[in-house]
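Asker: Mind folding the following:
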Amino acid sequence: MVRAAPTIVEPEVEDAVDHTKHVAGCAVCTACGTQYPPSPAPPPRCDICCDARQFVPRQGQTWTDLPALRGGHANAFRRLRAGLYEIRTQPAFAIGQRALLVVTAAGNVLWDCIALLDDATVDIVNALGGLRAVAISHPHYYTTMVEWARAFGCPVWLHEADRQWVVRDDPALRFWSGERIALNAGTTLLRVGGHFPGATVMHWADGTGVLLSSDVLQVTPDRSHVSFMYSYPNYLPLPAGTVRAIGLALEGDAYDAIYGSFADAQIEHDAKPAVARSIARYLALLDGSFE
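Answerer: Coordinates of the predicted model:
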């Protein structure tokens, strides 16, 4: 199947501002990392955690904020390949995902978000060229996206189908609709659905192609397959038709490598046939034909 080239969106980019001026009084959920609007007290519940795809911890909902998070955590950077860097908080916080920084001649894109944003992270990202855009796969990784947008003077791209999960609105948020949109000459967002209605992956036209899959396609520990879930912590699978639709949504894009949302979650070669095998295996398990 041959796809028409998507229209490239070139958003207006605002001047970067001092991110430390925007954090006071913004509660951050310690279970999922979602940041809420400024308030004298934390909210009574976290909307993200109360959904069936996440969970409220046994001890109940607890909260922190960015200043406190900066006091006990730091971000580590690792180069995964030319032009691709992992940013991961240590010790792990909340869900524990990594953000991926894609460095391109057309501008840098941060794929997915982590809750911790500190001065060192801002300095390092700026030294690598700053950010042209932030793009996020699904609501579990919205975290402190408003702070990232303000620190780097860039928009955050979210799929319209997941708008209801935004708990802290901001003019920097850009809601896109449809099935695909190009952020620049090398990066394209693809809505594949599954984990959330607007669940998105990013295709990077680097070399033979790279797919940044978040946990929409979860790279398995043996790094030879991917899998699919409605809820990972609650062990709720996706139906067969949804997984078939994910495969069809990716059919027309070439990629040799896939990078997921956790440390070492990557298939560095022959990723597209690995995804096809994974879909076949998943469907065979559902219909009872797997051996």
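Asker: Who are the contact partners of residue 61?
Answerer: 29, 31, 42, 44, 45, 46, 49 (Cβ atoms under 8 Å, 6 or more residues apart in numbering). (C-beta placed from N, C-alpha, C; glycine too.)
Asker: Report the buried members of those residues.
Answerer: 29, 31, 42, 46, 49 (16 or more other Cβ atoms under 10 Å).
Asker: Adding distance to residue 209, secondary structure and pLDDT, write those residues out as a markdown table.
Answerer: Below are these laid out as a markdown table (distance: Cβ to Cβ, whole Å; DSSP: H, G, I helix; E, B strand; the rest coil; pLDDT from 0 to 100):
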| residue | distance to residue 209 | secondary structure | pLDDT |
| --- | --- | --- | --- |
| 29 | 35 | strand | 98 |
| 31 | 35 | coil | 98 |
| 42 | 43 | coil | 93 |
| 46 | 36 | coil | 97 |
| 49 | 35 | coil | 98 |
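Asker: Can you list phi and psi of the closest residue to residue 212 other than its chain neighbours for me?
Answerer: Nearest residue to residue 212, sequence neighbours excluded (Cβ to Cβ, 6 or more residues apart in numbering): residue 202, at 4.3 Å. Here is the backbone geometry of residue 202 (degrees, to the nearest 10): phi -120, psi 130.
Asker: go on, residue 258?
Answerer: According to degrees, to the nearest 10, residue 258 has phi -140, psi 140.
Asker: From residue 43, how far off is it?
Answerer: Residue 258 sits 36 Å away from residue 43, going by Cβ to Cβ, to the nearest Å.
Asker: Repeat that for residue 278.
Answerer: For residue 278, the distance to residue 43 equals 38 Å [Cβ to Cβ].
Asker: The two: which is more packed in?
Answerer: residue 278 (22 against 15; other Cβ atoms under 10 Å).
Asker: contacting residues for that one?
Answerer: 217, 220, 225, 226, 227.
Asker: got it, and residue 89?
Answerer: For residue 89, the contact set (Cβ under 8 Å, 6+ apart) comprises 73, 74, 75, 76, 96, 114, 115, 116.
Asker: in what helix or strand does it lie?
Answerer: Per DSSP states H and E: residue 89 is located in strand 84-90.
Asker: what's the offset of that strand from the middle of its chain?
Answerer: 12 Å (Cα atoms, centre = their mean, to the nearest Å).
Asker: Could you check the pLDDT of the residue nearest in space to the middle of the chain?
Answerer: Centroid check for the chain by Cα atoms, centre = their mean gives residue 112 as the closest residue, at 2.8 Å. We have a pLDDT of 98 for residue 112.
Asker: hang on, the earlier thing: now tell me what touches the helix or strand just after the strand holding residue 89 from outside.
Answerer: As assigned by DSSP H and E, the chain's next helix or strand after strand 84-90 is strand 99-102. Here strand 99-102 makes contact (Cβ under 8 Å, 6+ apart) with 80, 83-88, 108-114, 125, 128, 187, 202, 204, 212, 259.
Asker: Could you pick out the buried ones from those residues?
Answerer: 80, 83-88, 108-114, 125, 187, 202, 204, 212, 259.
Asker: Now the phi/psi pair for residue 176, please.
Answerer: phi -110, psi 160.
Asker: any idea how far it is from residue 53?
Answerer: Taking Cβ to Cβ, one finds residue 176 at 21 Å from residue 53.
Asker: same deal with residue 258?
Answerer: Using Cβ to Cβ, residue 258 is found at 22 Å from residue 53.
Asker: more neighbours, the two?
Answerer: It is residue 258, of residue 258 and residue 53, that has more neighbours when counted by other Cβ under 10 Å, with 26 against 19.
Asker: so the more buried one touches residue 266, yeah?
Answerer: Yes - in this structure, residue 258 is within contact of residue 266 by Cβ atoms under 8 Å, at 6.5 Å.
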